[in-house]
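Q: sequence and computational prediction follow.
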Amino acid sequence: MDNGMYTFTNKLRNFSIFLMVVGFLGLAYGFLTAPNTVEEATALVTDAHHGEGHDEGHGAAMHDDHGNGAAADSHGEVAHGADHDDDSHGEHLLHQLQNKPWAALYVAAFFFMMIALGTLAFYAINRAAQAGWAPVLFRVMEGITAYLLPGAFIVFVILVLSGMHMNHLFIWMDPEVVAHDKLIQGKVGFLNVPGFLLRALVYIGGWSTYRYFSRKFSLAQDQATDISNHKKNFRISAGFLVFFIVTESMMSWDWIMSIDPHWFSTLFGWYVFASMFVSGITSIALITIYLKSKGYLEKVNDSHIHDLGKFMFGISIFWTYLWFSQFMLIWYSNIPEEVTYFITRIEDYNLPFFGMLVMNFIFPLLILMNSDYKRLNYFIVMAGIVILLGHYIDVFNMIMPSAVGDQWFIGIAELGGFTFFLGLFIFVVFKEISKAPLHAVGDPLMGESERFHY
Amino acid sequence: MSSNQVIHALYDDDDVLLSAVKSIREKNHHIEEVYTPFPVHGLDKALGLAETRISIMAFIYGCIGLSVAILMMNFIMIEDWPQNIGGKPSFSYLENMPAFVPIMFEMTVFFAAHLMVITFYLRSKLWPFKEAENPNPLTTDDKFLIEIELHDNEKDLKALLEKTGAIEITTIEKKGDDE
């Protein structure tokens, strides 16, 4: 602490490893208990309908309202194209249940990768705008973005495994499905496994390259006598933002929207961006408050926290604006291909769908509206935890309905996935934070940032 | 009865003005008013003004706007003249709510904004054709003016103001309230 360095305490390290182990066990349980045959799958669902089986922590008794037939009615067309009759229903159910642990893994992997990516975008915006308030937080942001490469790599591995037909998350990867689906056939030029993986490599490569050089220049600036590193950082940040907004949008089509290959929304990229942006900013606030409570970051004052609070508040509303813009147009026009997306979610995901609106909009709106509350750490922490969980559910709602239909459940596998990646996130982020002084002394705007007050 | 004499100190920079206000208040002189061509960040705190309550009113006005919008749309679109728009018959406010959200939002903003401005006018006692109160037209251009009441301490005060960087100091006999 004397030299301004953060030490990754054994306590926190062990805690993160503990989370990873517990999460891994949860995920393993999910994979091991997934049914292998149609009979097992049907038996599982029948059991659940008789009231026994998995009911822990569910909340909404959604399953009881819908017979097995509902899955076929609402998803049959979307999921498996025209080739669908009652005999294949059991197989469809099997695919959904087999997808469950994969989807649990994927949702959590994507969510934590998204936090790092959102933080990277926020960091680049502050660099490109030469923001005067932010430099005291740069090292925290750089710590969070360290998770981007490992996090995105794990997502990439899951995508490769999907491409190898280890799961049915992306049904357009199944030649059998494509053969019977005219709509997907028309999209094969874009939705094909080699192109999909190649694009993923380009996105991840571009983001990580920017992150690598930006961190390098930022550290070099600490020792530098001139501001050439700062200028270089400014330039690559501006360039990165152009690259980012294109690749982020395409990434959201590829990695999320294509799970539902018939459905499309033109503002989906923005919508996912808003989600990752607010999650990233919230994580910066939470980690900053944590480090401050441990006696680090003495230059961070409550005006910095206030500003992060304003961003959390503002981007939460921005997210709602995009969510509603997407929802209202589709709801109003009521075009069958589009509106199935929301019908599935309202019917089968009623609680997470509307619960997410409360967590991501109404709660932060009311809690963070008052200017004084944004300066109280415990208010920011409380709102931040709800916002992060809300955006986890947002990703859950984006991915689950097409992957598992009405067989969703926040159970051991889902909680395990969340816990595992939370542990990994804490481990990677705090390790990176401990590697460099928390105070970026060389930043030419540091003086302004230190004196920053509202 | 307070004295009718006031001193006007003119400044040409907002940072100088801010530090001047601080040092004048440190010496326990009462600043009557500060005239500036634009809002100076932090001036209200430096002057020790009570925190504005306009944000509380903004919230209340917004709630009023939201309620008006809901009642209005409910009457117009549901009760008075229900129509079938885009295959969505208007028989229930809740079911048609997404269509009304833009109006609810706009009315919230409209009420909050307009009533805030009107509140500001009322509290500042401003109305059309009111004679301007600012003593020096330069304060509508690029100069800042501090007005301080005099209590037989002209010399002290002038010295202090000069030290704080005032570019012009004048003593003025103010008209009484009854004139």
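A: That came through, no problem. Residues are numbered from 1 along each chain as shown, chains lettered A, B, ... in the order given.

Q: okay, the nearest residue to A:Phe361 once chain neighbours are set aside: pLDDT?
A: Distances taken as C-beta to C-beta, 6 or more residues apart in numbering or on different chains place A:Thr320 nearest to A:Phe361, at 4.2 Å, with adjacent residues excluded. Using the backbone N, CA and C atoms, a C-beta is placed for each residue, glycine as well. Looking at A:Thr320, its pLDDT reads 96.

Q: try A:Val160
A: pLDDT, A:Val160: 95.

Q: render the CA-only coordinates of the strand or helix carrying it in CSV, please.
A: Using DSSP states H and E, A:Val160 sits within helix A:148-163. Taking Å, rounded to 0.1, in the frame of the first residue of the first chain, the C-alpha atoms of helix A:148-163 are listed here in CSV:
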residue,chain,number,x,y,z
LEU,A,148,-11.9,-9.5,-21.7
LEU,A,149,-9.4,-11.8,-23.3
PRO,A,150,-9.9,-14.9,-21.1
GLY,A,151,-13.7,-14.2,-20.9
ALA,A,152,-14.0,-13.8,-24.7
PHE,A,153,-11.8,-16.8,-25.2
ILE,A,154,-14.2,-19.0,-23.1
VAL,A,155,-17.1,-17.7,-25.1
PHE,A,156,-15.2,-18.5,-28.3
VAL,A,157,-14.5,-22.1,-27.1
ILE,A,158,-18.2,-22.5,-26.4
LEU,A,159,-19.0,-21.3,-29.9
VAL,A,160,-16.4,-23.7,-31.4
LEU,A,161,-18.0,-26.5,-29.5
SER,A,162,-21.4,-25.5,-30.8
GLY,A,163,-19.9,-25.5,-34.3
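
Q: which outside residues touch it?
A: Applying C-beta atoms under 8 Å, 6 or more residues apart in numbering or on different chains, the contact partners of helix A:148-163 are A:102, A:105-106, A:109-110, A:112-113, A:116-117, A:120, A:167, A:169-170, A:173, A:193, A:196-197, A:200-201, A:203-204, A:207-208, A:211, A:255, A:421, A:424-425, A:428.

Q: ranges for the helices of the stretch 251-400 of chain A?
A: With helices called from DSSP state H, counting those that start in this stretch, the stretch 251-400 of chain A shows them at A:268-293, A:302-333, A:336-348, A:350-357, A:363-368, A:377-404.

Q: got these as TSV, with mean neighbour count columns?
A: Listed next are these as TSV, based on neighbours: other C-beta atoms under 10 Å in any protein chain shown:
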stretch	mean neighbour count
helix A:268-293	23
helix A:302-333	19
helix A:336-348	17
helix A:350-357	18
helix A:363-368	19
helix A:377-404	22
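
Q: which ones are touching the residue nearest to A:Phe361?
A: Counted by C-beta under 8 Å, 6+ apart, A:Thr320 has contacts A:Leu357, A:Asn360, A:Phe361.

Q: one step back: restricted to helices, list the contacts of helix A:148-163.
A: A:102, A:105-106, A:109-110, A:112-113, A:116-117, A:120, A:193, A:196-197, A:200-201, A:203-204, A:207-208, A:211, A:255, A:421, A:424-425, A:428 (DSSP state H).

Q: and the residues you listed, which of them are buried?
A: Buried by 16 or more other C-beta atoms under 10 Å in any protein chain shown: A:102, A:105-106, A:109-110, A:112-113, A:116-117, A:120, A:193, A:196-197, A:200, A:203-204, A:207-208, A:211, A:255, A:421, A:424-425, A:428, out of those.

Q: minimum distance to chain A, which residue of chain B gives it?
A: B:Pro98 (4.8 Å; C-beta to the nearest C-beta).

Q: skipping its backbone neighbours, what lies nearest the residue in the stretch 201-350 of chain A that chain B sits nearest to in space?
A: Of all residues in the stretch 201-350 of chain A, A:Met328 sits closest to chain B, at 4.8 Å by C-beta to the nearest C-beta. Spatially, and ignoring its direct neighbours in sequence, A:Met328 is nearest to B:Pro98 (4.8 Å; C-beta to C-beta, 6+ apart).

Q: over to B:Phe111?
A: Nearest to B:Phe111 is B:Gly65, by C-beta to C-beta, 6+ apart, at 2.7 Å.

Q: what helix or strand is the one you found on?
A: Per DSSP H and E: helix B:54-73 holds B:Gly65.

Q: same check on B:Val6?
A: Going by DSSP H and E, B:Val6 is part of strand B:5-11.

Q: so where's chain B shaky on pLDDT?
A: B:1-3, B:175-179 (pLDDT under 70).

Q: look up the closest residue to the most centrally placed residue in it, ignoring the ones flanking it.
A: Among the residues of chain B, the one closest to the centroid is B:Phe120, at 5.5 Å (C-alpha atoms, centre = their mean). Once flanking residues are discounted, B:Phe120 sits nearest to B:Ile54: 7.0 Å by C-beta to C-beta, 6+ apart.

Q: from A:Glu432, how far out is the residue nearest to the spatial centre of chain A?
A: When C-alpha atoms, centre = their mean is applied to chain A, the residue found nearest the centroid is A:Phe111 (2.2 Å). Per C-beta to C-beta, to the nearest Å, A:Phe111 is found 19 Å from A:Glu432.

Q: again with B:Phe100
A: Distance, B:Phe100 to A:Glu432, by C-beta to C-beta: 48 Å.

Q: kindly report the same for A:Leu415.
A: To A:Glu432, A:Leu415 is 26 Å away according to C-beta to C-beta.

Q: again with A:Thr340
A: Distance from A:Thr340 to A:Glu432, by C-beta to C-beta: 43 Å.

Q: also A:Phe277?
A: Using C-beta to C-beta, one gets 21 Å for the distance from A:Phe277 to A:Glu432.

Q: try B:Glu79
A: With distances taken as C-beta to C-beta, B:Glu79 is found 60 Å from A:Glu432.

Q: neighbour count for these two, which is higher?
A: A:Glu432 (19 against 10; other C-beta atoms under 10 Å in any protein chain shown).

Q: packing partners of the host helix or strand of B:Leu161?
A: Element membership of B:Leu161 [criterion: DSSP H and E] is helix B:154-163. For helix B:154-163, the elements it packs on are strand B:5-11, helix B:14-26, strand B:168-173, judged by 3 or more C-beta pairs under 8 Å, 6 or more residues apart in numbering or on different chains; DSSP states H and E.

Q: again, 10 Å this time
A: If you count contacts as 3 or more C-beta pairs under 10 Å, 6 or more residues apart in numbering or on different chains; DSSP states H and E, helix B:154-163 packs onto strand B:5-11, helix B:14-26, strand B:144-149, strand B:168-173.

Q: up against chain A, what does chain B have?
A: B:41-42, B:45, B:51, B:55-56, B:58-59, B:62, B:85-88, B:96-99, B:101-102, B:105 (C-beta under 10 Å from any C-beta of the partner chain).

Q: of those residues, just the buried ones, ChimeraX syntax please.
A: To isolate the buried members of these in ChimeraX, using 16+ other C-beta under 10 Å:
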select /B:58,62,96,99
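
Q: in helices only, show me the residues of chain B next to chain A.
A: B:Lys45, B:Ser55, B:Ile56, B:Ala58, B:Phe59, B:Gly62, B:Met97, B:Pro98, B:Ala99, B:Val101, B:Pro102, B:Phe105.
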